[in-house]
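Engineer: 3D, please:
(one chain, ligands or ions: 1)
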Amino acid sequence: MATTDAILLSPKIKRHKQYTLVIPLDLQRDRVLLGYKLRGFGEGKYNGYGGKVEPNETVIAAAIRELHEESCLVVEEPAMIQRGVLLLETVADDVSPVLEIHVFTVETWEGTETATEEMTPHWFSLSKSLATPTPSTSTSGSIPPSSLSTSSSAAAIAPKDPSTDGAHDLPSIPYFQMWEESRVWMPQLLRHVVSLNEEGEEGEGKLVDEQEGPQSSLPSEGSAPTAAAVATTVGPHDDNGEQKPKKKGKYFIHHVQFVGGTDMDAGDGGEYSVWHVMGPRRLDWVDDVPVGDWEGRRSFGKYP
Ligand SMILES: Nc1nc2c([nH]c(=O)n2[C@H]2C[C@H](O)[C@@H](COP(=O)(O)OP(=O)(O)OP(=O)(O)O)O2)c(=O)[nH]1
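Structural biologist: Down below sits the predicted model:
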């Protein structure tokens, strides 16, 4: 696989630090599994499962290992579906590594999702999580993990009968209790998966939108350090949630910038950018993006 190819994002980038992020999807039961992080980086946030790629380890092996360590789910390599890469780049200095987070979904696994020292598993409604959230649509306040569906007794393999599981009672993903950029790319990824699933096996290569220019996303350099920005968001739906025509062979690209560092709570004043690029089945690298567009998109606004 090409996951370990070098990514040349911009000349100032010296090093990449590789991470993985796996999102288990139970399509038959219309649900998504996330972990509530109990310790370390991202503590108190929901996220997919993942961690650092160890030396001499492939990205996919790391993704499988981390998923197992944090959730006890067992996945075989062919079941891993590579969806994209998040690149978190500091532009505050030239030495900090780019966080290169390889995003996978998985739809079949063995074992039972189980709470570990690092993550507590929680199921969320897939269909309720497709819309890009705004503060007004988000839950006000935090969803305490105890009020969410946490299961350690689910069937080993996702069952086929959606009528028996109460999945319709599950809440939407609490995007405002995740890393800030997740609320931008994760609904788009989920819509992408659902759309491919509805189209059947021929979906590969059918997505996606062509790259578009930046939306009017509100530069506001003076905004608070914890404010975040979406410079460009391109997806298979327009602002009204309408499905746009699909164009074969085009890729789904968006660029997200945010300030405050990767840990928004730290408010360290750093300035970071995220490019994420998704193809229908595997990632496609950011150098597909016209070079001249990079600097032009360094504008600031707030996440919706
Ligand atoms: N969406 C998103 N995910 C992030 C961000 N930063 C970040 O580390 N992640 C993901 C990548 C990994 O899946 C996870 C962090 O992994 P980790 O620090 O727990 O790594 P690890 O398990 O190897 O660490 P450890 O047990 O050795 O302490 O969080 C971010 O800004 N946005």
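
Engineer: residue 69 and residue 117 touch, don't they?
Structural biologist: No: using CB atoms under 8 Å, residue 69 is not in contact with residue 117, being 9.5 Å away. For the C-beta atoms, the positions are set from N, CA and C on the backbone; glycine is no exception.

Engineer: which one of these two has more residues nearby?
Structural biologist: Higher neighbour count among residue 69 and residue 117: residue 69, with 15 against 9, using other CB atoms under 10 Å.

Engineer: for that one, give me its contacts.
Structural biologist: With contact set as CB atoms under 8 Å, 6 or more residues apart in numbering, residue 69 has these partners: 51, 116, 118.

Engineer: among the residues you listed, which one sits closest to the ligand?
Structural biologist: residue 51 (2.6 Å; CB to the nearest ligand atom).

Engineer: which residues touch that closest one?
Structural biologist: Listed by CB under 8 Å, 6+ apart, the contact set of residue 51 reads 19, 20, 62, 66, 69, 70.

Engineer: which ones among the contacts of residue 69 come in contact with the ligand?
Structural biologist: With CB under 6 Å from any ligand atom as the criterion, the contacts of residue 69 include residue 51 near the ligand.

Engineer: dump the contacts of residue 69 into TSV; add secondary structure and pLDDT as well.
Structural biologist: Converted to TSV, those look like this (DSSP: H, G, I helix; E, B strand; the rest coil; pLDDT from 0 to 100):
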residue	secondary structure	pLDDT
51	coil	95
116	coil	93
118	coil	92
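
Engineer: any idea what residue 110 is bridged to?
Structural biologist: Beta bridges link residue 110 to residue 74 when assigned by DSSP bridges.

Engineer: mind checking how far it is from residue 135?
Structural biologist: Using CB to CB, to the nearest Å, we find residue 110 at a distance of 39 Å from residue 135.

Engineer: can you check residue 29 too?
Structural biologist: Distance, residue 29 to residue 135, by CB to CB: 29 Å.
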